[in-house]
Every structure is written in structure tokens, then in C-alpha cells.
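In: Predicted model and sequence below, questions to follow.
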Amino acid sequence: QVQLVESGGGLVQAGGSLRLSCAASGRTLSSTSMGWFRQAPGKERDSVCAISATSSTYCADSVKGRFTISKDNAKNTVYLQMNSLKPEDTAVYYCAGSKLSLLTPLLEMYDYWGQGTQVTVSS
């Protein structure tokens, strides 16, 4: 049974920073691609960043240069460092894990999902 537990969300002013964490159990990150997705009210769930088993990374254009994805295989934890936050970054952020090891931002390629953590950026 794979479980993903996110933490680190909250309320921050525009221009501020937050770091999200996703602790995984039941599957080792050294053989798993992981991703962060977000969903704002009334919108689809979109890819934010992804990291492959070998630590190749991808981030969407809307967050490139502001967000960074990383992982600690020893802790089996994935992180999303979010800097220069904007009000449009407000959403529920989800951690996801794939049975694949290759880098992918595609939502349908992910098999395991966390419960989500709210990020609210005030203007």
C-alpha cells in the first residue's frame, strides 16, 4: 500500500515562500517518478513540477524559475520549494507517485495521490 502525505501548505503574502513536503511509504522514491499538481476552485488539476527516479526534473512554464522540485531518497520525501509566490498560485497542491520511473508531467500517468494541502497567497 503506497501512502503519500503532504505538509507545508498555508497562507502567505505575495512574494513570499513556502516549502511543501511529501512523505512516501510503501514504495521507494529511487525507483519512482513523483509529481506535484495543483487545483484551483473551478479549474482542472494541472501539473506543477515532476521529478524522475534519476532526479531529472520538469516544471511548468507558469512556475519555472520560481518553484523547484527535489527529493531525498534516504528520507523517501519529495519537496516543492515555492518562491516569489503570486495570488494565482493559490490552489490545493497534491503530491503524486507513478509506477513508472521516467519523468512525466501527465496526470494520467500517476497512480498514487496524497490528500492535498492548501496554499493561499494573499495580494
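Out: Looks like it came in fine. Numbering: from 1, shown residues only.
In: For the residue lying closest to Arg45 once chain neighbours are set aside, give me its contacts.
Out: Nearest residue to Arg45, sequence neighbours excluded (CB to CB, 6 or more residues apart in numbering): Gln39, at 4.1 Å. Backbone N, C-alpha and C define where each C-beta goes, glycine included. When contacts are counted by CB atoms under 8 Å, 6 or more residues apart in numbering, Gln39 touches 45-46, 91-92, 94, 116.
In: Make a markdown table from the residues you listed and add secondary structure and neighbour count to it.
Out: As requested, the contacts of Gln39 are arranged in a markdown table below (DSSP: H, G, I helix; E, B strand; the rest coil; neighbours: other CB atoms under 10 Å):
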| residue | secondary structure | neighbour count |
| --- | --- | --- |
| Arg45 | coil | 16 |
| Asp46 | strand | 14 |
| Ala91 | strand | 22 |
| Val92 | strand | 18 |
| Tyr94 | strand | 23 |
| Gly116 | coil | 17 |
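In: Between which two of those residues is the distance greatest?
Out: Asp46 and Gly116 (13.4 Å; CB to CB).
In: which residue ranges form the strands in the protein?
Out: 3-7, 10-13, 18-25, 34-39, 46-51, 57-59, 67-72, 77-82, 91-97, 112-113, 117-122 (DSSP state E).
In: and of the ones you listed, who's closest to Thr104?
Out: strand 46-51 (6.2 Å).
In: How about residues contacting the closest one?
Out: 33-39, 57-60, 63, 67-71, 78, 80, 93, 103-107.
In: Try it again at 7 Å.
Out: 33-38, 57-60, 63, 67, 69, 71, 78, 80, 103-105, 107 (CB atoms under 7 Å, 6 or more residues apart in numbering).
In: Next, report how far stretch 70-79 is displaced from the centre of its chain.
Out: Between the centre of stretch 70-79 and the centre of its host chain there is 12 Å, according to CA atoms, centre = their mean, to the nearest Å.
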